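*Asks:* Starting from these lines, generate the structure:
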Amino acid sequence: TDPRQLTPTIMGDMANAACMADGFDNIQKLPDPVPGCPNFRRVPGFKVYCCGQPTIAGFEAALTKVCGDKYPKDGPIIWFNLRQEPDVYVNGEPICARPPGKIGEYAELGDVTRDIAKSNEVEFLAQCEMRKNENGGKLKAVDINKKALEIEVKELKSLSQVIEGVKEKFPGLVHWRVPVCNSAAPLENDFDIIIKTLIGTAINTPVIVNDQVGLSRATTGCIIACLFKEFQISASFEGLVETVPGVNLSLLKTDKYVMNPEKDTLFRGEFDVVKELVATLKDGAAAKNNADKIIDLNGTPKTGGTGIKQLRENIAESKLSYEIMDDAAQAFLKTKIMDNIQKYFYLIVFAGYIREQAAAAREAVEADKKAAVALPASGKCAIPAAELKIGKTFVQFMEENAGLRGLIDTGKGNLQWERDIPPASLANLEQLAAKDFQGNLGKIIHDIYQTAHVMFGDMPQGDHKKRAKYRFASKTIMRILPPAKKTEVEGLIASKAMTMDLYDILGKCTWTVPK
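*Replies:* Purely as a prediction, here's the structure:
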């Protein structure tokens with residue numbers, strides 16, 4: 001079964017795909033833009049960079065900034081593209097293929113592998129060529145707001161062709177597709193593909209990760225890359241650092257990371273399923289601290305990062321929004337929250353796996369090579385990062401800890417989705433309704449709002465709070481309606497003749513047909 005909640009829309013045949021421009025007004029969310037490379041930024045403390053889909057000129061601008069005046073332009077640079085949707089370049093600007101019903105919104109496209117993505121790209125290029133030729137050299141497309149565009153095509157290239165052109169100036173560039181979904185964790189095998197690509201690189205090898213805008217998928221990829229860099233630092237330098245007088249090794253470690261204890265428990269990532277994971281996973285608390293520190297560095301300036309989204313705190317923010325949304329929006333948001341919890345869970349597990357592999361790598365030096373890397377003072381090894389090996393894949397680690405898969409599958413929805421009305425308040429309302437619903441209606445509405453005022457006292461004043469209280473009042477009046485009236489109203493809601501809205505329900509209960 002697919003562990004992800006949001007139902008994938010299959011990309012389908014490229015013949016039916018819509019052309020959607022990747023770029024849009026206000027795509028740039030961060031200060032200090034790099035022209036043509038949306039939301040480009042560096043993760044503090046790491047040579048790891050995050051961005052949206054660049055233009056052709058944007059690739060060069062980003063790589064020039066990454067190299068600066070110190071890193072050689074012909075040196076190795078790893079670039080991960082985490083998009084499921086194929087891209088072509090029209091006049092230097094990226095345009096992607098989308099299912100026609102998924103323009104300008106989250107598009108989970110199922111199990112797209114690297115091979116599928118590459119083959120879709122070839123097919124999409126051929127489609128665009130054909131559509132352009134049939135339309136007098138112009139390509140029809142849409143922007144993210146579904147506004148129709150018609151672009152006169154002067155140059156049409158696939159992403160692969162663009163990368164080959166970029167390599168003329170940056171011959172050490174390795175561009176690797178790892179298509180992942182938006183909300184849930186990458187597949188276990190995707191973690192291994194990223195690791196396999198990074199094994200053998202130096203600590204100062206730049207790693208760049210992109211999706212369309214530089215948001216969720218790219219941030220997730222950057223967290224994985226930073227955790228791998230931590231593996232290199234931990235396995236390579238721990239022995240070396242211990243020989244330097246006055247250096248406090250604990251300062252270099254993120255497993256002692258302490259979050260602000262005044263933060264709400266959900267903002268600290270203390271979901272029930274995560275607490276269970278921390279108790280189950282070997283060294284679970286340290287793995288969570290490790291993951292949290294890296295997530296914070298990949299988050300917004302508020303948590304020490306340079307980015308747009310904070311993957312852990314985003315879950316808590318979505319949960320607060322959940323209370324004020326209508327049923328259809330709640331259904332979508334609930335699946336997204338559960339997917340995001342599953343992703344957070346997997347990042348903690350991956351941090352635990354990386355910690356285990358770092359410890360193993362320090363001990364795994366072959367006997368005949370040990371003398372070359374052992375430090376005379378301590379006998380500990382300082383292994384060059386590019387020579388580090390990983391002895392076990394993440395998939396194998398998950399097989400050994402298979403109970404974790406079941407734990408997240410059943411536990412990701414274990415949140416209190418609705419606030420509980422205090423039993424005494426509910427009993428009072430039920431009593432008033434049973435005694436004389438029509439006669440007590442004024443008192444019932446007053447008491448519902450009085451209860452809501454107390455229940456939502458923690459929410460700041462404003463529209464969000466008003467909507468949360470109104471929604472609570474609508475649900476509560478529905479709950480205590482007299483049986484005959486309740487059946488009638490439920491039938492009208494089911495047939496979409498009315499909505500579950502307080503005023504609609506009251507209107508139905510108090511309206512009398514004129515004689």
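
*Asks:* Which residue comes closest to the residue most central in space within the chain once chain neighbours are left out?
*Replies:* The centroid of the chain falls nearest to residue 216 when counting by Cα atoms, centre = their mean (3.7 Å). Spatial nearest neighbour of residue 216, excluding adjacent residues (Cβ to Cβ, 6 or more residues apart in numbering): residue 182 at 5.5 Å. Where you see a C-beta, it was placed from the backbone N, CA and C, and this is true even at glycine.

*Asks:* Against residue 352, how distant is the one you found?
*Replies:* Using Cβ to Cβ, to the nearest Å, residue 182 is found at 24 Å from residue 352.

*Asks:* repeat for residue 385
*Replies:* Distance from residue 385 to residue 352, by Cβ to Cβ: 21 Å.

*Asks:* quick one: which of these two has more around it?
*Replies:* For residue 385 versus residue 352, neighbours defined as other Cβ atoms under 10 Å are more numerous around residue 352 (24 against 19).

*Asks:* The residue nearest to the more buried one when sequence neighbours are not counted: helix or strand, and which one exactly?
*Replies:* Distances taken as Cβ to Cβ, 6+ apart put residue 287 closest to residue 352, at 3.6 Å, once the chain neighbours are dropped. Using DSSP states H and E, residue 287 maps to helix 284-297.

*Asks:* can you list contacts of the helix or strand that comes right after that helix?
*Replies:* Later in the chain than helix 284-297, the nearest helix or strand by DSSP H and E is helix 311-322. Residues from elsewhere that reach helix 311-322 (Cβ atoms under 8 Å, 6 or more residues apart in numbering): 216, 219-220, 223, 264, 266-269, 271, 292, 295-296, 298-299, 303, 330, 333-334, 336-337, 340-341, 343-344, 347, 415, 417, 459, 464.

*Asks:* Also stretch 111-131?
*Replies:* With contacts defined as Cβ under 8 Å, 6+ apart, stretch 111-131 is touched by 8, 11, 14-15, 17, 19, 83-88, 90, 95, 97, 139-140, 156-160, 176-179, 187, 193.

*Asks:* Okay, and which of those map to helices?
*Replies:* 159, 160, 193 (DSSP state H).

*Asks:* What distance do you get for the second one to residue 79?
*Replies:* So that's residue 160. For residue 160 relative to residue 79 (Cβ to Cβ), the value is 13 Å.

*Asks:* who has more neighbours, those two?
*Replies:* More neighbours surround residue 79 than the other of residue 160 and residue 79, with 25 against 17 (other Cβ under 10 Å).

*Asks:* Tell me who's in contact with that one.
*Replies:* Contacts of residue 79 by Cβ under 8 Å, 6+ apart are 173, 174, 175, 176, 207, 208, 209, 210.

*Asks:* who's it bridged to?
*Replies:* residue 175, residue 208 (DSSP bridges).

*Asks:* Please report how far it lies from residue 506.
*Replies:* 59 Å.

*Asks:* next one: residue 295
*Replies:* Taken as Cβ to Cβ, the span from residue 295 to residue 506 is 46 Å.

*Asks:* Buried residues in the strand or helix carrying residue 396, which are they?
*Replies:* Following DSSP H and E, one finds residue 396 within helix 394-400. Neighbour-count burial for helix 394-400 flags 394, 397, 398 (criterion: 16 or more other Cβ atoms under 10 Å).

*Asks:* is it true that the first one touches residue 351?
*Replies:* The one in question is residue 394. No: Residue 394 is beyond contact range of residue 351, at 11.2 Å (criterion: Cβ atoms under 8 Å).

*Asks:* Count the residues that sit near residue 132.
*Replies:* By the criterion of other Cβ under 10 Å, residue 132 has 18 neighbours.

*Asks:* What average pLDDT does the helix or strand containing it get?
*Replies:* Taking DSSP H and E as the criterion, residue 132 maps to helix 114-134. For helix 114-134, the mean per-residue pLDDT is 95.

*Asks:* Likewise for stretch 401-417?
*Replies:* On average, stretch 401-417 scores 90.

*Asks:* what residue ranges in the stretch 151-300 of the chain score low on pLDDT?
*Replies:* Within the stretch 151-300 of the chain, the ranges that satisfy pLDDT under 70 run 237-257, 259, 261-262.

*Asks:* those strands in the stretch 201-350 of the chain, which residues are they?
*Replies:* Applying DSSP state E, counting those that start in this stretch to the stretch 201-350 of the chain gives strands spanning 207-210.

*Asks:* Helices of that one, start to end?
*Replies:* Taking DSSP state H, counting those that start in this stretch to define them, one finds helices in the stretch 201-350 of the chain at 216-241, 272-280, 284-297, 311-322, 327-363.

*Asks:* Including distance to residue 126, could those helices go into JSON lines?
*Replies:* Converted to JSON lines, the helices of the stretch 201-350 of the chain look like this (distance: least, Cβ to Cβ, whole Å):
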{"stretch": "helix 216-241", "distance to residue 126": "26"}
{"stretch": "helix 272-280", "distance to residue 126": "45"}
{"stretch": "helix 284-297", "distance to residue 126": "41"}
{"stretch": "helix 311-322", "distance to residue 126": "37"}
{"stretch": "helix 327-363", "distance to residue 126": "34"}
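
*Asks:* between these, which one is nearest to residue 406?
*Replies:* Among the helices of the stretch 201-350 of the chain, helix 272-280 comes nearest to residue 406, with 11.0 Å by Cβ to Cβ.

*Asks:* So what's the gap between the closest one and the chain middle?
*Replies:* Relative to its parent chain, helix 272-280 has a centroid offset of 20 Å by Cα atoms, centre = their mean, to the nearest Å.

*Asks:* what's in contact with it?
*Replies:* 284-285, 287-288, 341, 344-345, 348-349, 403-404, 407-408, 411-412, 414-415.

*Asks:* got the buried residues for it?
*Replies:* For helix 272-280, the neighbour count (16+ other Cβ under 10 Å) marks 273, 274, 276, 277, 278 as buried.

*Asks:* what's the closest of those to residue 472?
*Replies:* residue 273 (26.4 Å).

*Asks:* need the contact list for the closest residue to the closest one other than its chain neighbours.
*Replies:* Distance criterion Cβ to Cβ, 6+ apart; nearest residue to residue 273, sequence neighbours excluded, is residue 411 at 3.1 Å. By Cβ under 8 Å, 6+ apart, the contact list for residue 411 reads 272, 273, 276.

*Asks:* same thing with residue 28?
*Replies:* Taking Cβ under 8 Å, 6+ apart, one finds 38, 39 in contact with residue 28.

*Asks:* now the one 10 residues further on
*Replies:* For residue 38, the contacting residues are 23, 27, 28, 51, 52, 53, 54, 58, 213, 214, taking Cβ under 8 Å, 6+ apart as the criterion.

*Asks:* Okay, the spatially closest residue to the last one that is not a sequence neighbour and residue 185: tell me how far apart.
*Replies:* Yep, that's residue 214 we're talking about. Nearest residue to residue 214, sequence neighbours excluded (Cβ to Cβ, 6+ apart): residue 39, at 3.4 Å. Separation of residue 39 from residue 185 (Cβ to Cβ) stands at 22 Å.

*Asks:* got it, and residue 91?
*Replies:* The spacing between residue 91 and residue 185, counted by Cβ to Cβ, is 36 Å.
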